[in-house]
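Participant: sharing a model that was predicted from the sequence below.
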Amino acid sequence: MGNLRRALLSVTLVPAFALAQTPAPAPAPALAPGEGLSIASPERGVRSYGDALAPGPMGPLAHLLWVRLEGDAWASAAGSFKCTGKAGPFTCSAPKGHGRVDLPRALQSGCSLALLGWAMMSADQWRQIYGEGAARVRMLEIFAPFAENRVPPGEDIPPLDMTWFGEGDRLRTSPDALARWLADPAQEEVLRLYRRLFLSFIDETFKKNAWWYDAVEAPAPGGGTRAWVVGGNGLVTAVLRLPPGATAAQARARFMAILVGR
């Protein structure tokens with residue numbers, strides 16, 4: 001009997017111990033109609049709530065893709081760009097321009113014109129280093145999942161214009177898809193750089209789990225705009241999308257209320 005009891009205990013206790021190591025399901029956040037939220041963490045993977053699966057134009061969140069491709073090089077160069085609101089045929093989201101911006105300021109203010117200028121210089125370098133065809137492959141390795149069949153055909157680097165920085169609907173994603181992309185270990189440097197650029201020195205240095213976030217307004221299907229927020233605290237990364245008509249400021253407030261609790 002003693003051996004049988006020990007055998008039964010070993011059968012029942014091992015599963016109980018295993019269950020104790022499994023994180024308890026997190027409560028679903030309270031979302032308003034039309035809101036979509038996806039949260040990625042190493043322990044739980046990606047969890048999506050509300051209207052998080054439908055794709056739509058990603059707007060200035062396209063800057064994440066450029067940071068993935070060239071962010072370290074641009075940050076190391078410590079260059080600047082004078083945004084006057086217009087450069088040749090291209091116009092900025094700020095009609096009067098953003099003034100002189102470096103990479104942190106360009107990302108924080110959503111200055112796509114600055115990123116376009118730097119990307120054009122990078123493209124010239126790619127051609128010299130890799131050749132036209134390999135440079136195209138290098139760029140589309142990052143952008144193809146978001147552009148799909150909206151990539152111009154050819155063997156050269158696609159012509160760079162504002163659609164590669166969030167104008168129109170060339171680049172599309174959903175909160176779920178973007179959270180899964182950010183959760184890939186290949187994007188660790190993107191998250192590290194965004195955390196460094198969007199947090200103050202004090203918060204980055206002394207607040208281990210401080211939240212950084214970037215709120216943007218993207219084109220909405222049928223016209224108008226809709227707001228997105230992407231952010232993280234070193235433990236989780238989250239993507240929130242609000243219904244059409246919401247502003248970036250409203251999205252920022254909702255993100256803080258849902259995820260940060262204030």
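Facilitator: Okay, I see it. Residues are numbered from 1 along each chain as shown.

Participant: and residue 39, what are its bridge partners?
Facilitator: Following DSSP bridges, residue 39 is listed with bridge partners residue 47, residue 238.

Participant: any idea how far residue 213 is from it?
Facilitator: 13 Å (Cβ to Cβ, to the nearest Å). From N, CA and C alone the C-beta is placed, and that goes for glycine too.

Participant: show me which of these two is the more surrounded one.
Facilitator: residue 39 (24 against 20; other Cβ atoms under 10 Å).

Participant: spit out the contact partners of residue 57.
Facilitator: Shown in contact with residue 57 (Cβ atoms under 8 Å, 6 or more residues apart in numbering): 166, 168, 169, 171, 172, 218, 219, 220, 221.

Participant: show me the contacts for residue 112.
Facilitator: 60, 62, 63, 92, 93, 162, 165, 166, 167.

Participant: pLDDT weak spots in the chain?
Facilitator: For the chain, applying pLDDT under 70 flags the ranges 1-26, 201-206, 262.

Participant: domain parsing for it?
Facilitator: As given by automatic domain parsing, the domain ranges for the chain are 32-55+174-262, 59-170.

Participant: wait, is residue 97 part of a strand?
Facilitator: No - using DSSP: H, G, I helix; E, B strand; the rest coil, the assignment for residue 97 is coil, not a strand.

Participant: so it sits against residue 90, correct?
Facilitator: No - Residue 97 lies out of contact with residue 90 (Cβ atoms under 8 Å); the separation is 11.8 Å.

Participant: so those two - more neighbours on which side?
Facilitator: Counted by other Cβ under 10 Å, residue 97 and residue 90 do not tie: residue 97 has more neighbours, with 19 against 16.

Participant: how many residues are close by the closest residue to that one other than its chain neighbours?
Facilitator: In space, and not counting its chain neighbours, residue 97 is closest to residue 85: 3.7 Å by Cβ to Cβ, 6 or more residues apart in numbering. Neighbour count of residue 85, defined by other Cβ under 10 Å: 15.

Participant: now do the contacts for residue 85.
Facilitator: By Cβ under 8 Å, 6+ apart, the contact list for residue 85 reads 91, 92, 94, 95, 96, 97, 113.
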